[in-house]
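# generate a structure from the sequence data that follows.
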Amino acid sequence: MSTITIYHNPACGTSRNTLALIRNSGEEPEVIEYLQTPPSKATLQSLIAAMGIAPRALLREKGTPFDELGLADPKWTDDQLVDFMLEHPILINRPVVVTPLGTRLCRPSEAVLDILPNAQQAAFTKEDGEKVIDDKGQRV
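Residues are numbered from 1 along each chain as shown. All right, here's what the predicted structure looks like:
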């Protein structure tokens with residue numbers, strides 16, 4: 001069983017790049033497609049706590065019912081925001097990665113490099129053409 005988990009959306013370029021960087025370190029993570037298999041409330045709260053952020057910081061606005069639900073309004077409690085994310089998983093920003101070195105919302109995708117236990121094994125270029133890792137496995 002992998003020691004790395006990614007809460008992944010395969011339709012998201014940032015999420016795909018993050019997954020590729022994990023694999024470029026020689027790891028095959030547990031991939032949870034959270035839109036099909038949303039986390040439980042306890043798991044989501046645990047992830048938020050492990051990242052050291054407020055639930056509002058994990059909310060995704062673009063392409064979600066964020067505006068329709070009025071989630072910019074500060075009246076919503078942390079618990080209510082978590083409930084909205086569970087009811088509408090598309091509101092959970094992605095990708096969230098859990099490793100033995102920490103838990104992080106990996107935006108941009110190269111943020112995952114700070115919590116990967118193994119070094120990059122090869123050069124890596126993001127889908128948009130941005131080179132992130134050189135031929136020696138070092139950050140560019």
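# what is the burial count for Ser2?
12 (other Cβ atoms under 10 Å). Any C-beta I mention is one placed from the backbone N, CA and C, and that applies to glycine too.
# how about it, what does it touch?
If you count contacts by Cβ atoms under 8 Å, 6 or more residues apart in numbering, Ser2 has them with Glu27, Glu28, Pro29, Glu30.
# switch the cut-off to 6 Å
Shown in contact with Ser2 (Cβ atoms under 6 Å, 6 or more residues apart in numbering): Glu28, Pro29, Glu30.
# then Pro100?
Contacts for Pro100 (Cβ under 6 Å, 6+ apart) come out as Thr3, Pro117.
# need the contacts of Ser2 in JSON lines (columns: secondary structure).
As requested, the contacts of Ser2 are exported to JSON lines (DSSP: H, G, I helix; E, B strand; the rest coil):
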{"residue": "Glu28", "secondary structure": "coil"}
{"residue": "Pro29", "secondary structure": "coil"}
{"residue": "Glu30", "secondary structure": "strand"}
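# out of the residues you listed, grab the one that's most surrounded.
Most surrounded of the contacts of Ser2: other Cβ under 10 Å gives Pro29, at 21 neighbours.
# Ile22 is in contact with that one, correct?
Yes: contact criterion Cβ atoms under 6 Å: Pro29 and Ile22 qualify, at 5.1 Å.
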